[in-house]
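In: Build the 3D model from these lines:
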Amino acid sequence: MLQRMERITRFHADRMDARGAATSIYNGKTLAVFGLFPGEEAIVEVRKGKRGYDGIIREFLSTRPERRQPFEMHYLSCGPWQTIDYALQAELKKEMLEELFADLRGGVSLEFRTAHAMSGYRTKMEFSFSDRGTPLELAFHERGRKFDRLLAPDGCVLAGEATNAAARAVAALLRDKGVLPDDLKSLVVRESKADGQTIAVIYTKAEELPEIAIDGISGLVGLRAYHSTRKSPASVSTRELWSHGKLELSDVVRGLRVFYAHDAFFQNNIPMFELALGDIAAAVRGSRVVELYAGVGVIGLALAGSVERIVGVEIIPSAVENARANAKANGITNYEAILASAEKALDAITGAETLVLDPPRAGLHPKLVAAIGSERPRRIVYLSCNPETQARDAKLLLAAGYELTALTGYDFYPETPHCESLAIFDCA
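Out: Predicted coordinates for the structure are as follows:
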């Protein structure tokens with residue numbers, strides 16, 4: 001059953017929340033609207049959301065002079081800040097970080113590093129497909145509408161041309177095979193910026209899927225199809241259906257050749273990640289460094305040349321295998337990769353002089369924060385893809401006897417409201 005929509009007539013955007021939505025108060029609760037910016041007014045349609053109310057713009061009443069036309073029709077699904085000049089994007093992101101850490105920074109100033117490339121930077125894209133009963137085309141889920149999709153037959157401007165070309169080719173072959181949009185969940189394409197090679201994974205709700213040959217798709221070196229249960233909307237693998245080619249890529253990060261599997265975590269904006277790596281390297285102190293949430297080892301391997309020993313802890317077996325292979329391929333002998341969760345590898349941080357953290361969006365587990373407070377490594381270097389949870393964790397670290405000594409934001413995702421942040425903590 002569709003949710004009932006209500007119209008309100010003058011939504012005035014007061015501020016931005018940490019997700020990048022303009023917010024105001026409606027019926028005593030927060031109303032969040034993506035695509036609207038502070039100082040602008042619009043008529044919006046309102047529905048109940050997870051945090052209060054979500055609004056969909058139906059008519060602008062007043063706009064900022066920085067507003068511009070978006071580059072694509074589906075912009076709210078992939079790059080909802082395409083409608084404003086980049087200078088304002090960077091300003092708003094910095095302001096959001098300043099607000100999140102306002103009570104935590106003391107006299108520490110916030111640095112913010114802007115992006116150089118506005119498009120084509122992503123190494124990974126997840127496409128949906130067109131609505132039921134329509135010809136099969138690439139699409140994205142429409143923000144705020146669970147089941148509606150916006151067509152993106154050419155791909156997305158945030159992805160590289162190699163990614164878009166592979167996605168278009170796979171979609172065309174699926175269409176030629178008579179596959180229906182309703183049978184599919186998503187298509188994930190990953191791209192090596194160093195080589196221009198791509199790999200792709202199809203997630204289908206159907207029990208079977210016609211096989212597709214990749215020989216005629218330029219640059220696509222691997223393609224796999226997974227059945228994904230209808231019980232969940234997420235693109236999770238229930239059963240492998242078929243696979244062609246290799247499902248591993250490599251890229252170059254700060255001179256290191258790094259390999260990673262199709263399902264491994266890897267940074268989406270390599271040039272910005274390299275900036276952050278430079279700041280992380282400058283912040284590391286001591287001879288023994290431990291990195292938690294190490295992934296395929298990129299951060300630890302980039303630090304190996306300046307420390308005596310570095311240990312990387314990671315919970316995903318394939319990522320640990322990649323990390324070990326990456327160390328060997330780059331001739332690095334003082335790096336050790338350990339298979340364990342960060343919460344169950346607390347012994348690893350004993351004696352660490354610097355602790356490097358790069359957790360998922362959920363942030364740090366309370367058990368880990370407690371262990372850090374007990375072991376008290378001299379310095380904590382914390383890179384986050386979710387400044388909201390990082391600010392929450394910062395409060396706990398300050399309560400455990402640390403002080404925030406540096407804070408830097410990075411625009412890993414221009415044209416979107418997302419950014420990453422690096423916080424340095426020293427034992428007080």
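In: which stretches of the stretch 1-150 of the chain form strands?
Out: 6-12, 15-16, 22-26, 29-33, 41-48, 53-62, 110-113, 124-129, 138-141, 149-151 (DSSP state E, counting those that start in this stretch).
In: now those in CSV, with distance to Ser384?
Out: The way it works is simple: take the backbone N, C-alpha and C, and place the C-beta from them, glycine included. Below are those laid out as CSV (distance: least, C-beta to C-beta, whole Å):
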stretch, distance to Ser384
strand 6-12, 31
strand 15-16, 18
strand 22-26, 22
strand 29-33, 21
strand 41-48, 29
strand 53-62, 25
strand 110-113, 14
strand 124-129, 19
strand 138-141, 25
strand 149-151, 30
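In: and those, which one is worst for confidence?
Out: Least confident of these, judged by mean pLDDT, is strand 6-12 with a mean of 73.
In: buried sites along stretch 337-355?
Out: Within stretch 337-355, the residues that count as buried by 16 or more other C-beta atoms under 10 Å are Ala337, Ile338, Ser341, Ala342, Ala345, Leu346, Ala348, Ile349, Ala352, Glu353, Thr354, Leu355.
In: still on that earlier bit, for Leu184, find the nearest of the strands of the stretch 1-150 of the chain.
Out: Distance to Leu184, taken as C-beta to C-beta, is lowest for strand 124-129 among the strands of the stretch 1-150 of the chain, at 4.8 Å.
In: export stretch 64-74 as PDB, just CAs?
Out: Presented in PDB, the C-alpha positions along stretch 64-74 are these (Å, rounded to 0.1, in the frame of the first residue of the first chain):
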ATOM      1  CA  ARG A  64      20.400  30.100  -4.200                       C
ATOM      2  CA  PRO A  65      22.400  31.800  -7.000                       C
ATOM      3  CA  GLU A  66      24.900  28.900  -6.900                       C
ATOM      4  CA  ARG A  67      22.200  26.500  -8.200                       C
ATOM      5  CA  ARG A  68      22.800  25.000 -11.600                       C
ATOM      6  CA  GLN A  69      21.300  22.300 -13.900                       C
ATOM      7  CA  PRO A  70      22.200  18.800 -13.000                       C
ATOM      8  CA  PHE A  71      24.200  16.700 -15.400                       C
ATOM      9  CA  GLU A  72      21.700  13.800 -15.500                       C
ATOM     10  CA  MET A  73      18.100  13.100 -14.800                       C
ATOM     11  CA  HIS A  74      18.800  10.500 -12.000                       C
END
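In: returning to what we had before: in strands only, show me the buried residues of stretch 337-355.
Out: Here DSSP state E is the test, and the buried residues of stretch 337-355 give Ala337, Ile338, Thr354, Leu355 as lying in strands.
In: my guess is the first one contacts Ala323, does it?
Out: Yes. A contact is recorded between Ala337 and Ala323 when judged using C-beta atoms under 8 Å, the distance being 4.0 Å.
In: what touches both of these two?
Out: Ala294, Gly297, Gly312, Glu314 (C-beta atoms under 8 Å, 6 or more residues apart in numbering).
In: The third one should be in a strand, yeah?
Out: Yes. Following the definition DSSP: H, G, I helix; E, B strand; the rest coil, Gly312 is counted among the residues of a strand.
In: Now the nearest residue to it once chain neighbours are set aside: which helix or strand?
Out: The shortest distance from Gly312 to any non-neighbouring residue, by C-beta to C-beta, 6 or more residues apart in numbering, is to Ala294 (3.2 Å). Using DSSP states H and E, Ala294 is not contained in any helix or strand.
In: Pull the number of nearby residues for Ala294.
Out: When neighbours are defined as other C-beta atoms under 10 Å, Ala294 has 29 of them.
In: what's near enough to touch it?
Out: Gly300, Gly312, Val313, Glu314, Ala319, Ala323, Ala337, Asp358.
In: got JSON lines for the residues you listed, with distance to Val290 and pLDDT too?
Out: As requested, the contacts of Ala294 are exported to JSON lines (distance: C-beta to C-beta, whole Å; pLDDT from 0 to 100):
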{"residue": "Gly300", "distance to Val290": "9", "pLDDT": "97"}
{"residue": "Gly312", "distance to Val290": "8", "pLDDT": "96"}
{"residue": "Val313", "distance to Val290": "7", "pLDDT": "96"}
{"residue": "Glu314", "distance to Val290": "12", "pLDDT": "95"}
{"residue": "Ala319", "distance to Val290": "16", "pLDDT": "95"}
{"residue": "Ala323", "distance to Val290": "14", "pLDDT": "97"}
{"residue": "Ala337", "distance to Val290": "12", "pLDDT": "96"}
{"residue": "Asp358", "distance to Val290": "12", "pLDDT": "96"}
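In: Closest one of those to Trp81?
Out: Asp358 (24.4 Å).
In: Return the member of the ones in strands among the buried residues of stretch 337-355 nearest to Ile43.
Out: Leu355 (49.7 Å).
In: tell me the contacts of that closest one?
Out: Leu355 touches Val289, Val290, Glu291, Leu292, Ile349, Ile372, Pro377, Arg379, Ile380, Val381, counting by C-beta under 8 Å, 6+ apart.
In: thinking again about what came up before, I'd like the strands of the stretch 1-150 of the chain as CSV, with mean neighbour count appended.
Out: Converted to CSV, the strands of the stretch 1-150 of the chain look like this (neighbours: other C-beta atoms under 10 Å):
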stretch, mean neighbour count
strand 6-12, 14
strand 15-16, 17
strand 22-26, 19
strand 29-33, 19
strand 41-48, 18
strand 53-62, 16
strand 110-113, 17
strand 124-129, 22
strand 138-141, 21
strand 149-151, 19
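In: From Tyr53, how far off is His12?
Out: Going from His12 to Tyr53 by C-beta to C-beta, to the nearest Å gives 15 Å.
In: give me every residue that touches Phe34.
Out: If you count contacts by C-beta under 8 Å, 6+ apart, then Phe34 has Gly20, Ala21, Ala22, Leu76, Pro80, Arg143, Gly144, Pro417 around it.
In: quick one: Ala362 and Thr389, what's the gap?
Out: 6 Å.
In: now swap in Ala18 and tell me
Out: 10 Å.
In: could you pull out the helices for the stretch 251-400 of the chain?
Out: Remark: helices assigned in the stretch 251-400 of the chain by DSSP state H, counting those that start in this stretch are 270-283, 298-303, 317-329, 366-375, 387-399.
In: what's the closest of these to Asp148?
Out: Among these, helix 387-399 sits nearest to Asp148 (C-beta to C-beta), with 27.3 Å.
In: Go through the closest one and flag the buried ones.
Out: Buried-residue list, helix 387-399, by 16+ other C-beta under 10 Å: Pro387, Thr389, Gln390, Ala391, Asp393, Ala394, Leu396, Leu397, Leu398.
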